[in-house]
Every structure is written in structure tokens, then in C-alpha cells.
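Q: Everything below, folded, please.
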Amino acid sequence: MTNIALFGAGGKMGLRLSANLAKTGFQVRHVEPSENGRSRLKDALGFDCIDQDQALDGAEVVILAVPDTVIGKVASTVVPAVAPGTMIVILDAAAPFAGHLPERDDITYFVTHPCHPPIFNDETTEEGRRDHFGGIAAKQGVVNALMQGPREHYELGERIARAIYAPVARTYEVTVKQMAMLEPGLSETVCASLLSVMREAMDECVRRSGVSKECARDFLLGHMNILGAVIFEEREGAFSDACNKAIEFGKPVLMRDDWKRVFEWDEIADSIRRIT
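A: As a prediction, this is how the structure comes out:
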């Protein structure tokens, strides 16, 4: 039975992790600095928190379920206090990529992040279909990076990742650098930005045409479904000549010629610096 110290146990992510870890054989010590967070954890799951020193005494794994902006501050107090061979689990690549983790050669850094349940899925229950974030009922992928530490620690890190993000369909081993390109690069800078533009476009269509919001929403999301299925090879298909012509003339209006520079490493680093 692996002893885990979970920091940020009463936060949004910490509550999710606490609930899922309670279903496993891991022994969990909960740490939460805020009174509101401790109350949330107690009310939601019945767990009491202990202080940092108690939690770290004998802990084999420490999970930092805290915001990116404070990872460095929390890690600076945790890392010097753990025993050699301890695994520190971080839930996002931003702080590790930015160099906010203390240097210590005799511990393991393991970074893990959920893919979230995909739009195209085989969920058969209402709970699964409504679990858009993941970690409750919908299966999702997970990306993992053994940033430093012995190779045999990867198996333990993956077991923890599968537990905290359950149910997990598949896992992918990547580097911290690759994970940083996936997020914020692909998922936030590109995907979230373009989805935000699509929502603005829907609202503009409603304003200019006079159709109802419900009509425009059904029309847009329905087309996203079939167009996305073809573009992402979920099904065979081809766009009409009219659609291809609209794409040909639409992309230059919507996208800068050099938009792919968001994937250059200095751009990724700048993006991470802004959020950490």
C-alpha cells in the first residue's frame, strides 16, 4: 500500500482526486491550507486534513494538486522535506517546463495530465455522456512524463494517473516538452481560441440574421459534429465543392499566414510564463 500525500485536497481538482483515490488501495494523507477547502473536503467526502509535516512523514508519493501559479512556492517547501526516492506528481507541464521545480537529484518528478473525454466516444450511460471533464464516468486518455527518476518509477506513476483520472481508456508516454506543446500550445492557444471565435461567430450570426440562438446553436453544433468527424477521420467522407471553396476563401480571412508560429518553442515558453 503506497502512502500518498495529497496537497490541495480541498480544491476543485483536489476533491476530484480525493474521491477517486478513495476507491483504490492507496493510503492517502490529505493536506489543505484553507479553512474553506478543509470544510469542502469534510462535507463532500468525510476526510480530515493533517498538517504538512505529518503528511510528508513516510510519504512515498506527493501529489501537488495546486494551481500552476503556486506550484513553485509549494514545491519549495515540500521537496526539501521528502525522503530520497520520493515521487513528486505534478498535474500539468507548465511549471516543470518553466523550471519552477527545485533541483534535487535523488527524487522522482512525474508529470501527468488528462486528455479529457473525446467528443467522439462510445459512452452508453447518461452519466458518461454528461461527464465532459472526465474522472467520473467517461473514459479518457492520459499523457504521462517521467521527468526524472528511475525508469521503474514510471509504472507507479502510471498506476496513480489511472487512479486519479479514472476511468482511463489509454495512456501515452511523452516528454515534459511534448506535453507543453500539447498544452497550452494545441489545446488552449489553438483549440480554445478557435472555439471562442466560433461562439462569437454564432452570436454574430444571431445578431445579423435574426435567427434564434437555439437555431444557430443547433445548426453550428450539428455541423461541427459531421465536419469534425470527416476532418478527424472518425468516418469516411468528403466535403462538397461548395464547402471546400468556402474553406479556401475563409481561412485567409480568419487566420494569419504565420499562425503556426504558436508552436515555436519560444512562443510556447512565453505562453507558459504568462500563466505561471
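Q: What residues does Cys205 make contact with?
A: Taking C-beta atoms under 8 Å, 6 or more residues apart in numbering as the contact definition, Cys205 lies against 211, 216. Every C-beta, even on glycine, is put in place using the N, C-alpha and C of the backbone.
Q: Remind me which helix or strand it belongs to.
A: Per DSSP states H and E, Cys205 falls inside helix 193-209.
Q: A strand includes Tyr172, no?
A: Yes: counting by DSSP: H, G, I helix; E, B strand; the rest coil, Tyr172 is part of a strand.
Q: Need the CA coordinates for stretch 145-164. CSV is fine.
A: Provided in CSV are the C-alpha atoms of stretch 145-164 (Å, rounded to 0.1, in the frame of the first residue of the first chain):
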residue,chain,number,x,y,z
ALA,A,145,6.1,12.1,-18.5
LEU,A,146,8.8,10.7,-16.2
MET,A,147,10.7,14.0,-15.9
GLN,A,148,13.4,12.5,-13.7
GLY,A,149,13.9,9.4,-11.6
PRO,A,150,14.5,5.7,-12.1
ARG,A,151,12.7,4.0,-15.0
GLU,A,152,10.9,1.6,-12.7
HIS,A,153,9.1,4.6,-11.2
TYR,A,154,7.1,5.1,-14.4
GLU,A,155,4.9,2.1,-13.6
LEU,A,156,3.9,3.5,-10.2
GLY,A,157,3.3,6.9,-11.8
GLU,A,158,1.0,5.4,-14.4
ARG,A,159,-0.9,3.5,-11.8
ILE,A,160,-1.5,6.7,-9.9
ALA,A,161,-2.5,8.5,-13.1
ARG,A,162,-5.0,5.8,-13.9
ALA,A,163,-6.4,6.0,-10.4
ILE,A,164,-6.8,9.8,-10.2
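Q: which residues touch it?
A: 2, 4, 16-17, 20-21, 23-24, 26, 61, 63, 87, 89, 93, 96, 105, 107-112, 135, 142, 144, 168, 171, 173-176, 178-179.
Q: How about stretch 74-86?
A: Here stretch 74-86 makes contact (C-beta under 8 Å, 6+ apart) with 7-8, 52-53, 56, 58-62, 64, 66, 88, 95, 100-102, 104, 106-108.
Q: re earlier: among the contacts of stretch 145-164, name the buried ones.
A: By neighbour count, with 16 or more other C-beta atoms under 10 Å, these hold 4, 16-17, 20-21, 24, 26, 61, 63, 87, 89, 93, 96, 107-112, 135, 142, 144, 168, 171, 174, 176, 179 as buried.
Q: What ranges does the stretch 101-250 of the chain have for its strands?
A: Under the criterion DSSP state E, counting those that start in this stretch, strands of the stretch 101-250 of the chain are mapped to 108-114, 140-148, 168-173.
Q: quick one: strands adjacent to the second one?
A: According to DSSP bridges, strand 140-148 has the following sheet partners: strand 108-114 (antiparallel), strand 168-173 (parallel).
Q: centre of the chain versus the first one, how much separation?
A: Read it as strand 108-114. Distance of strand 108-114 from the chain centroid (C-alpha atoms, centre = their mean, to the nearest Å) equals 11 Å.
Q: Could you export that strand as CSV, CA atoms only?
A: Taking Å, rounded to 0.1, in the frame of the first residue of the first chain, the C-alpha atoms of strand 108-114 are listed here in CSV:
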residue,chain,number,x,y,z
THR,A,108,11.4,11.5,-8.9
TYR,A,109,9.3,14.1,-10.8
PHE,A,110,6.3,12.6,-12.6
VAL,A,111,4.0,14.8,-14.7
THR,A,112,0.6,13.7,-15.7
HIS,A,113,-2.4,15.4,-17.4
PRO,A,114,-5.8,14.2,-18.7
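Q: avg pLDDT for that strand?
A: Strand 108-114 carries an average pLDDT of 98.
Q: before we move on, the earlier item: restricted to strands, list the contacts of stretch 74-86.
A: Among the contacts of stretch 74-86, the ones falling in strands (DSSP state E) are 7, 61-62, 64, 88, 108.
Q: Run through the residues that contact Asp131.
A: Neighbour list for Asp131: 117, 123, 137-138 [criterion: C-beta under 8 Å, 6+ apart].
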